[in-house]
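Asks: I would like the atomic coordinates for the input below:
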Amino acid sequence: MAAAQAATPPCPYPLSRALLEAVLADRTSDRFVCELIWPRLGYEPDAAGRWSAGPATAAGWREAFPLEPQFIAERPPSVALTRAIPREHKQLLKEQLGFGGYRIGELYPRRTRRATAVNWLLAHLAARAEPLPVTGLLPELLAEPADPVRGHPGDLPVT
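Replies: Modelled structure (predicted):
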């Protein structure tokens with residue numbers, strides 16, 4: 001397994017509190033959120049930038065989602081991600097980031113799925129006993145989308 005993990009492509013953006021808060025604040029594209037998760041699940045990009053399950057991808061993920069799961073746009077991958085968070089890590093959003101959830105007017109599938117993605121990323125760190133730095137490398141942050149249901153230009157429609 002160590003050899004397979006070594007073959008996993010490096011994550012271009014190391015996780016930090018600032019990065020995860022930007023995801024929660026809807027300041028990154030939906031694809032960027034997925035690209036934080038895919039390599040950590042063992043997915044690998046091809047020359048065209050499409051991601052598919054690699055040798056380090058767990059069998060359950062590889063069978064259910066052989067090609068890049070759209071964690072924000074599609075419900076089944078989001079549900080699978082939720083189920084992949086161990087019970088002892090379900091409250092990490094609240095415990096580590098102080099995230100109390102979105103307000104009633106902010107409850108959209110895109111945003112709740114972003115919260116799921118961030119919680120999974122926190123659980124991923126916790127399972128490896130890796131710290132969450134306060135600051136770190138950030139992409140160019142986007143303005144919050146004018147229509148949070150549709151998201152940013154280029155985001156896939158939510159189903």
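Asks: OK, contacts around the closest residue to residue 119 other than its chain neighbours?
Replies: Sequence neighbours aside, residue 93 is the residue nearest to residue 119 in space, at 4.8 Å (criterion: Cβ to Cβ, 6 or more residues apart in numbering). Where you see a C-beta, it was placed from the backbone N, CA and C, and this is true even at glycine. Shown in contact with residue 93 (Cβ atoms under 8 Å, 6 or more residues apart in numbering): 99, 115, 118, 119, 122.
Asks: Which ones among these lie within helices?
Replies: Counting by DSSP state H, the contacts of residue 93 place 115, 118, 119, 122 in helices.
Asks: could those be laid out in JSON lines, adding neighbour count, pLDDT and distance to residue 24?
Replies: Compiled in JSON lines, these are given as follows (neighbours: other Cβ atoms under 10 Å; pLDDT from 0 to 100; distance: Cβ to Cβ, whole Å):
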{"residue": "115", "neighbour count": "17", "pLDDT": "97", "distance to residue 24": "6"}
{"residue": "118", "neighbour count": "25", "pLDDT": "98", "distance to residue 24": "6"}
{"residue": "119", "neighbour count": "24", "pLDDT": "98", "distance to residue 24": "10"}
{"residue": "122", "neighbour count": "23", "pLDDT": "99", "distance to residue 24": "11"}
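Asks: what secondary structure does residue 136 sit in?
Replies: Here residue 136 is coil, with the state taken from DSSP: H, G, I helix; E, B strand; the rest coil.
Asks: which residues does it contact?
Replies: Residue 136 touches 13, 14, 15, 16, 18, 19, counting by Cβ under 8 Å, 6+ apart.
Asks: what secondary structure does the last one sit in?
Replies: At residue 19, secondary structure determined by three-state DSSP is helix.
Asks: okay, now it: neighbour count?
Replies: 25 (other Cβ atoms under 10 Å).
Asks: Do I have it right that it meets residue 138?
Replies: Yes. The pair residue 19 / residue 138 is scored as a contact, 5.9 Å apart, by Cβ atoms under 8 Å.
Asks: which neighbours do those two share?
Replies: residue 13.
Asks: Tell me the pLDDT of the closest residue to residue 80 other than its chain neighbours.
Replies: Excluding the flanking residues, the one nearest residue 80 by Cβ to Cβ, 6+ apart is residue 64, at 6.3 Å. Note on residue 64: pLDDT of 98.
Asks: Same check on the one 5 residues further on?
Replies: Listed pLDDT for residue 69 reads 99.
Asks: Check the one 10 residues further on too.
Replies: With respect to pLDDT, residue 79 scores 98.
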